[in-house]
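*Asks:* below are the sequence and a predicted model for it; my questions follow.
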Amino acid sequence: MRFADALIGLVLTPLKDLLSPRVTGAAHAFYMTKRIRKPAEVLTVQEIGALEDVCLHGPELHHRLIAGHLLFCFAAAARWHDSMYVVALDLSTAGPITLLEATTTKHKSSRGKEQQMELLWVM
């Protein structure tokens with residue numbers, strides 16, 4: 001509901017009237033039954049190469065854009081959501097090396113609700 005309200009705006013009923021403490025509590029209870037997070041599989045060199053090929057030579061512009069965005073996220077160790085908050089880009093070149101630096105207003109180490117609820121064991 002919050003996503004829909006932020007994206008398109010609810011006109012007839014204010015969001016605070018829809019999300020009572022009971023509804024919020026029920027949503028949180030369902031959220032806590034999610035499966036445990038685990039890292040995604042690592043992409044192979046061939047898969048990264050295929051993305052680079054689509055980015056450089058793909059016939060569809062939107063495929064090239066998505067492939068480039070994914071490659072940027074992988075190289076920056078950023079999540080898709082974090083990369084949406086890029087506010088400035090700086091491209092530097094020195095010989096055969098090119099460096100793309102991005103400034104964002106959010107970053108990967110921001111802690112979400114799920115991470116706040118986790119109990120980490122240190123041995």
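*Replies:* Okay, I see it.

*Asks:* so how far is the longest helix along the chain off the chain centroid?
*Replies:* The longest helix of the chain (DSSP state H) is helix 61-76. Relative to its chain's centre, helix 61-76 lies at 13 Å (Cα atoms, centre = their mean, to the nearest Å).

*Asks:* mind listing what's buried in it?
*Replies:* Neighbour counts over helix 61-76 (16 or more other Cβ atoms under 10 Å) mark 66-68, 70, 72, 76 as buried. Where C-beta positions appear, they are placed from N, C-alpha and C, glycine not excepted.

*Asks:* got the contact list for it?
*Replies:* Residues from elsewhere that reach helix 61-76, judged by Cβ atoms under 8 Å, 6 or more residues apart in numbering: 43, 48, 51-52, 54-56, 58, 78-80, 82-83, 100, 102.

*Asks:* can we see that at 10 Å?
*Replies:* 43, 48, 50-58, 60, 78-84, 86, 89, 100-102, 104, 108 (Cβ atoms under 10 Å, 6 or more residues apart in numbering).

*Asks:* please apply the same query to stretch 9-21.
*Replies:* Contacts for stretch 9-21 (Cβ under 10 Å, 6+ apart): 1-2, 4-6, 26-27.

*Asks:* save those as CSV, and put in distance to residue 37 and secondary structure too.
*Replies:* Below are those laid out as CSV (distance: Cβ to Cβ, whole Å; DSSP: H, G, I helix; E, B strand; the rest coil):
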residue, distance to residue 37, secondary structure
1, 24, coil
2, 21, helix
4, 25, helix
5, 26, helix
6, 24, helix
26, 22, helix
27, 19, helix
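
*Asks:* now do the strands in this protein.
*Replies:* Along the chain, the segments classed as strands by DSSP state E run 86-94, 97-104.

*Asks:* show me what the longest one pairs with in its sheet, parallel or antiparallel.
*Replies:* The strands beside strand 86-94 in its sheet (DSSP bridges) come out as strand 97-104 (antiparallel).
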